[in-house]
Each structure stands twice: as structure tokens, then as C-alpha cells.
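# Pasted the sequence and its predicted model underneath.
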Amino acid sequence: MGGGGVGAAFEATLKRVGTKLTSDDLTRLYPTPTAWSEKEINTPLVLEDCKFFDLFDADPVEVGKENERIREQARQHLMDFTLNLMMSSKKLRPLKRTPADYRLKPDEKAKLASNGFVVVERMPAESFAEIYYRLYTDDMPVFVTADSVLHAWHRSFDTFLVKVEGQVLSPTLCRVLMATLDQCANAISAAPMSDDDKSRAMVDVELFLRVAISLLRGTRENGLCENTNKLECLLTLIRKEEPAKTEILSAKRDIDFSEFKPRGHYTVSVGLMRYFRCLVWLGTIDFRIAGGEQSDQNLHQLRCAITLINFLQESKMLEIVETLDIVISNMVGDERTESDLLSPTRLAQLLSVEAESCDQHPLESIQELIIQKTVGTQLIDGQPRTENERTSISLAVLGQQFIWSSFIFSRLVSDHVISEDEKAKPTHSERS
């Protein structure tokens, strides 16, 4: 069954689920339908001759009258108590039928006869479950489709995500940020105020964490006076949800702030909207520690990343950040894949190999080690960049998960498609 190991994989799956059936058994049990003859294809379909069509084409008023007649007969033969019990039960009984109007209009009938199916948009429902329940209570024939089953699964998974993110992940993330900020504040107050590289790194990390906790709590959480204006500026840009150029970690960069617009199940509550924005900040605002255009900026952001790691370790929050990342990966990431950004835990492991000092020479050694290990090299662009701009090696606190489908689609846009050694020109829809 199939080449390239597909048949063997299918047989292994059958064995794993515990069935004694083989792929050959399934082929015999479910043979390919016989192809229609030319005569059958060209013969016009008469809907009235089709099984069950009379049920869908019935006048609900007439059906209702017939149902009422049957119920009246039942009253004559059954006690009121028995009849009321039958009508109030959860089980489907013919006496409980409440017919809906499924009759098709002439143009809809023509499409059904021509195509074998028709989509009737004037009979909407909130979910597949509502449609199935409607058909069930009308005692109508139904064809169960795979997409309806998947819809139920996705709805259940969304409900699960809402509870886990709202009741577990969001409070845990708040605890991580507050504990790390406390450690950061203690370090800044204990250090002599100066304009050296270490002080500048701590100030930048404080601002990074302040933005995150402000997004999570929905209010501006002020900290250092020198960061107040920068904090307000960044929060304003996030609220506008438009691309802009701004300074982050002492370097100018282009940021697509439209990514902060909540979507999907994150719109169901204010708390989830805040959690979403915070997670986008921690996942897309990266520390560009190597491979960028400016080597001095790379070293400064590496210093910032190391400073953040130290605060996480001293506040005993590093392991919790790793746990959060694992939980998120298990819920929404592809199996056996992880973020293509360097994680705090991985950087902490590399730091244990090199000197822990933040002097110039150890910083460059750590940077070289990161480059040699080829960790943190991005495969999916997280933020806008020019065509000739190199992709940097970056660290993110909770890097967005690497998803194969996302990676594949990112390589199908015009600036990644190569035809005859030239990049494909963007279409009108891509430009707009």
C-alpha cells in the first residue's frame, strides 16, 4: 500500500491501534466504488426519485398537521401522564417531531441535480452540532462529514486552551515577571549608577520586563524614571497596532505592531487579550545577539540577554520559564520541534561553559560559541526586514513555536520563490 514507506507506516499504525485487520483486509471490506457508465453520467437526475428527498421537500405546515393528528390519536390510547413523560424525555420519539422547512428553491434544486450537492446559505446555524441536533429532532437522514467532526475537536481544544491559558499560564507568567522585575530592581539599586555597559543593560532589561507586565496587567507599570517616557511610547505603539520604527534594547528596529492585535479565542475575554499581547512581546521582541549589521549592538543585546538570564536564575524563575515553554510547545507546536530562537535555558547552559563575566573578551567568546553551535538562527522571519538585511541570531524569552506549515507557507511568497535564478515578482494581491 503506497511507496516510500507509507505502506509500512500504515501497517505499523494498524498494529499500534490493536486491530488484526491488514491494509489488504480494509481494501476488500471497502472496495473502490464502481465507476459510473457514460449512460449514467449523461442521464438527468430526477430528485423526486431519490431516496429521502420527499422528507426534505415536505411542507412543514402539512407535516406539523400530520404530527398533531398522530399525537391526538396517542392521547386517546395513552394516559396523559405517559404521553407527557414521552414528550418531555431526552430521547427522540416520532411524537416529538418539530419539523423545520428544508424545502429548496428552484435554482437550488437545479444545482443539486447538476452537482450532486448544494450549499444553502439561507439556513445558517451557529455550529455543526446545532445542524445535527435539528436534523436529529426532525428524524431526518444525515451524512456525517469529517470536517464536522474536526470542528467539534477544535472547539473542544479551544475551550481547553482558554482554561489552561487563563487559569494557569497567565497567572504563572505574571509571577515570573514580577519576581524577575524585583530582582532587577534590587540589582539596579545596589549597583552604583553610571553610564557603563552593565548599567545600560540593566536599564534596558528593566524596560523590556516593564512592557511585558504592563501588557499582562492592562495598566502602565512604572519603574525607573528614565524609562517612563520610553514605556509610554512603546505601549502607545502597541495600542495603535501599526508597523513602526522604534528603539528597543538601545537599537532602532522595525516592528510590526499589528501582530499585537488579539485574534481567535484570545478575543473572548479581556484577560486573554492581555495575555496574548504579553506573549507576543515575549515571543517576537528578540535579543539580537549575533549576526546582525552592527557588531556593537549585537554585543550590547547579548549583554542584555545575559543580564536577563542572571535575573531569572537569581529569582529562581528560569526553570518555570522553561516549563511554560514546554507546556506551550506541547499544546500548539509541531511534534519534536521547538522555537527557532535561542531559549533562556539554552543560553544559560552555554554560559556555564564560558566565563560568567560580562567583560568584552568573554562576551565575544560567548558570541562565537553561539555562532559555532548554530543555535538561535531564525528560519521564519518574525519582524520586517529589508531584502539584503541579514537574519540575526536571536534569543526570545518565550519564542514562538516552529510550525512546519508556517515555515512552508513563508517560503511560498514572492520574495522567497526563485525562478530561473531570479526572485518572482509579487502579484497585485501581494502588493496590496
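Now that the structure is in, tell me what you want to look at.

# Buried ones in stretch 157-166, by neighbour count?
By neighbour count on 16 or more other Cβ atoms under 10 Å, the buried set for stretch 157-166 is Leu161, Val162, Glu165, Gly166. Quick note: C-beta positions are derived from backbone N, CA and C, even for glycine.

# quick check, nearest of those to Asp101?
Val162 (35.6 Å; Cβ to Cβ).

# I am assuming that closest one contacts Val268, so please confirm or correct that.
Yes. Using Cβ atoms under 8 Å, Val162 is in contact with Val268, at 6.4 Å.

# quick one, domains of the chain?
Using automatic domain parsing, the domain parsing of the chain gives 1-32, 42-148, 158-401, 403-432.

# for the longest one, how far is the first residue from the last?
Domain 158-401 stretches 18 Å from its first residue to its last (Cα to Cα, to the nearest Å).

# Stretch 250-267 too?
Per Cα to Cα, the first residue of stretch 250-267 is 33 Å away from its last.

# start at 893 instead
New numbering, starting at 893: the last item is stretch 1142-1159.

# how about the helices in the stretch 1193-1324 of the chain?
Applying DSSP state H, counting those that start in this stretch to the stretch 1193-1324 of the chain gives helices spanning 1210-1224, 1236-1245, 1252-1265, 1296-1302, 1320-1323.

# Of the ones you listed, which is nearest Asn976?
Proximity to Asn976 (Cβ to Cβ) singles out helix 1210-1224 among the helices of the stretch 1193-1324 of the chain, at 47.4 Å.

# So which residues lie in contact with the closest one, not counting its own?
Residues outside helix 1210-1224 that contact it (Cβ atoms under 8 Å, 6 or more residues apart in numbering) are 1053, 1056, 1061, 1064-1065, 1067-1068, 1201, 1204, 1229-1231, 1235-1237, 1240, 1289-1291, 1293, 1295.

# Which among the residues you listed count as buried?
1053, 1061, 1064-1065, 1068, 1201, 1204, 1231, 1235-1237, 1240, 1289-1291, 1293.

# Between these, which has the least confident prediction?
Checking pLDDT across the buried ones among the contacts of helix 1210-1224, the minimum falls on Ser1231 at 58.

# low-confidence ranges in the stretch 1043-1192 of the chain?
Within the stretch 1043-1192 of the chain, the segments meeting pLDDT under 70 span 1085, 1087, 1184-1185.

# meant to ask about the stretch 893-1042 of the chain, not that
Counting by pLDDT under 70, the stretch 893-1042 of the chain shows low-confidence ranges at 893-899, 971-973, 975, 978-979, 981-990.

# mind putting the buried residues of stretch 1049-1058 in JSON lines, distance to Arg961 included?
Conversion of these to JSON lines gives the following (distance: Cβ to Cβ, whole Å):
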{"residue": "Leu1053", "distance to Arg961": "50"}
{"residue": "Val1054", "distance to Arg961": "48"}
{"residue": "Glu1057", "distance to Arg961": "54"}
{"residue": "Gly1058", "distance to Arg961": "52"}
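
# Mind listing what's buried along the helix or strand where Ser1062 lies?
Element membership for Ser1062 (DSSP states H and E) is helix 1062-1082. For helix 1062-1082, burial by neighbour count (16+ other Cβ under 10 Å) applies to 1062, 1064-1066, 1068-1073, 1075-1077, 1079-1080.

# now stretch 1039-1051
Ser1040.

# and if you look at stretch 1139-1155?
Those would be Ile1140, Leu1141, Ala1143, Arg1145, Ile1147, Phe1149, Glu1151, Phe1152, Pro1154, for stretch 1139-1155 by 16+ other Cβ under 10 Å.

# mind listing what's buried in stretch 1187-1197?
Applying a neighbour-count criterion of 16+ other Cβ under 10 Å, the buried positions in stretch 1187-1197 are Gln1189, Asn1190, Leu1191, His1192, Gln1193, Leu1194, Arg1195, Cys1196, Ala1197.
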